[in-house]
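>>> Quick one, fold the following:
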Amino acid sequence: MLPEDDHNHQYKNVVSPENYNSDLLGDVLVIHLLRDPLSLFNISCYLEDIYDLGVFQMDHLTIDKRRFDNFKQSVFKLSGLFSSISALVFEIAIASNQYWRLWKFDDKVVQFVSFGLWEAYYPQEFNVSGTLIKTLVHTPIDSTWKLSPEFQYARILLIWAILMKPVVLIFSAMAFKISCMKNPFVEMQIYCYKVSALFLCVSSLFSFVSVSWNHAVDFYGQTTIDFPPDFPVKKEALRSKHFTAVFPAGVLTATMSLFGVIMFLSEIRSLNLQRQLKAKCAYKILSRKTPTQGGKVHSEKHRK
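Predicted coordinates for the structure are as follows:
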């Protein structure tokens with residue numbers, strides 16, 4: 001037999017949340033019955049402690065599950081915002097890329113020329129004190145160049161695509177901020193998500209058109225880019241054209257933007273369902289109150 005103090009100490013350790021063990025707890029209860037078969041009151045107290053322990057553990061599991069669900073909802077709501085930021089970074093990188101087109105020339109001085117949206121780049125060797133130094137020379141693409149329409153529109157479309165992104169970021173951040181309020185204004189959330197989805201969709205379309213049109217005309221069409229008279233190589237020396245990373249990067253950017261649009265539309269759909277559900281609940285509450293109020297008015301009239 002265990003002493004009373006040792007047994008109670010062992011029971012407290014078994015029932016504590018840190019050392020809970022169902023098998024050991026069963027052995028402790030059997031020992032209690034053997035020591036005192038009539039101590040049903042003590043056993044009932046022990047069972048109440050076990051129940052309280054289970055409720056304690058269930059409460060902790062419920063709190064953890066709620067936190068995890070809230071975290072998932074926050075990540076889902078911010079997916080559109082994150083994809084918009086990523087698309088903006090990619091568009092800025094594409095606009096500043098110096099390899100929109102890469103041409104190879106049959107020339108001894110200049111073999112390769114790469115074209116950005118605003119500058120042309122070509123490697124050239126210089127003789128400095130008897131030593132040949134190869135440097136990358138860049139010259140601005142200005143009015144002295146004869147540019148093709150797709151090249152001019154690529155500039156305009158990409159600039160507009162970049163300028164639209166801050167509008168998307170502002171409205172999507174406002175919608176997320178409203179959702180974090182205690183009593184969110186659903187109509188305002190839906191309006192913010194609609195504006196974000198519209199601007200992001202147009203922006204992705206502009207990005208895709210700018211890179212795809214440039215790629216199609218460069219490889220499958222007839223380009224009309226003519227060099228200025230002082231350019232070190234002539235267009236007639238063009239030998240071949242090379243594929244660059246601008247086109248796949250533009251397609252990836254448009255895809256990320258469309259993913260953000262899908263996230264915004266799913267949020268709009270979810271908010272519309274919540275609004276309809278609230279309207280139904282409000283209608284049911286009013287329908288329940290109306291007959292009661294009518295009955296009260298009728299009874300008051302009857303008393304008068």
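>>> Counting by contacts, list what the helix or strand that contains residue 138 packs against.
Element membership of residue 138 [criterion: DSSP states H and E] is strand 131-140. Counting contacts by 3 or more Cβ pairs under 8 Å, 6 or more residues apart in numbering; DSSP states H and E, strand 131-140 packs against strand 119-128. Backbone N, C-alpha and C define where each C-beta goes, glycine included.
>>> Please spell out which residues along stretch 135-142 are buried.
139, 141 (16 or more other Cβ atoms under 10 Å).
>>> ok, which stretches of the protein are strands?
Secondary structure of the chain by DSSP state E: the strands cover 101-105, 112-115, 119-128, 131-140, 238-242.
>>> Now render the ones you listed as JSON lines, adding distance to residue 209.
Converted to JSON lines, these look like this (distance: least, Cβ to Cβ, whole Å):
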{"stretch": "strand 101-105", "distance to residue 209": "17"}
{"stretch": "strand 112-115", "distance to residue 209": "18"}
{"stretch": "strand 119-128", "distance to residue 209": "22"}
{"stretch": "strand 131-140", "distance to residue 209": "25"}
{"stretch": "strand 238-242", "distance to residue 209": "20"}
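>>> closest to residue 280 out of those?
strand 101-105 (58.7 Å; Cβ to Cβ).
>>> Okay, angle between the closest one and strand 119-128 too, please.
Relative orientation of strand 101-105 with respect to strand 119-128: 40 degrees, computed using axes from the mean of the first three to the mean of the last three Cα atoms, to 10 degrees.
>>> got a list of contacts for strand 101-105?
When contacts are defined by Cβ atoms under 8 Å, 6 or more residues apart in numbering, strand 101-105 is touched by residues 111-115, 214, 218, 225, 233, 237-244.
>>> Out of these, which end up buried?
111, 113-115, 214, 218, 225, 233, 244.
>>> Serialize the residues you listed to TSV and add fields for pLDDT and distance to residue 178.
Below are the buried ones among the contacts of strand 101-105 laid out as TSV (pLDDT from 0 to 100; distance: Cβ to Cβ, whole Å):
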residue	pLDDT	distance to residue 178
111	87	58
113	90	51
114	90	46
115	90	45
214	89	40
218	84	45
225	80	49
233	87	58
244	89	42
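>>> List just the nearest of these to residue 100.
residue 115 (5.3 Å).
>>> Adjacent strands (with direction) for the strand holding residue 138?
The strands beside strand 131-140 in its sheet (DSSP bridges) come out as strand 119-128 (antiparallel).
>>> Give me the buried stretch members for the partner strand, please.
Buried-residue list, strand 119-128, by 16+ other Cβ under 10 Å: 120-122.
>>> For my notes, please list the residues you listed in JSON lines and give distance to residue 207 and pLDDT for each entry.
Putting the buried residues of strand 119-128 into JSON lines (distance: Cβ to Cβ, whole Å; pLDDT from 0 to 100) gives the following:
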{"residue": "120", "distance to residue 207": "22", "pLDDT": "90"}
{"residue": "121", "distance to residue 207": "23", "pLDDT": "91"}
{"residue": "122", "distance to residue 207": "27", "pLDDT": "88"}
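>>> Output those residues in a markdown table; the columns should cover distance to residue 267.
Putting the buried residues of strand 119-128 into a markdown table (distance: Cβ to Cβ, whole Å) gives the following:
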| residue | distance to residue 267 |
| --- | --- |
| 120 | 44 |
| 121 | 43 |
| 122 | 48 |
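>>> what's the closest of the residues you listed to residue 139?
residue 120 (5.4 Å).
>>> Leaving out chain neighbours, which residue sits closest to that closest one?
Closest residue in space to residue 120, ignoring its immediate chain neighbours: residue 139 at 5.4 Å, by Cβ to Cβ, 6 or more residues apart in numbering.
>>> likewise residue 147?
Nearest to residue 147 is residue 225, by Cβ to Cβ, 6+ apart, at 6.0 Å.
>>> List the residues that contact the one you found.
Residue 225 neighbours (Cβ under 8 Å, 6+ apart): 101, 115, 145-148, 151, 235.
>>> Turn the buried ones among those into a named PyMOL selection, would you?
Buried members of the contacts of residue 225, defined by 16+ other Cβ under 10 Å, are picked up in PyMOL with:
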select buried, resi 101+115+145+147+148+151
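>>> Next step: the contacts of residue 225 restricted to helices.
Members of the contacts of residue 225 lying in helices (criterion: DSSP state H): residue 151.
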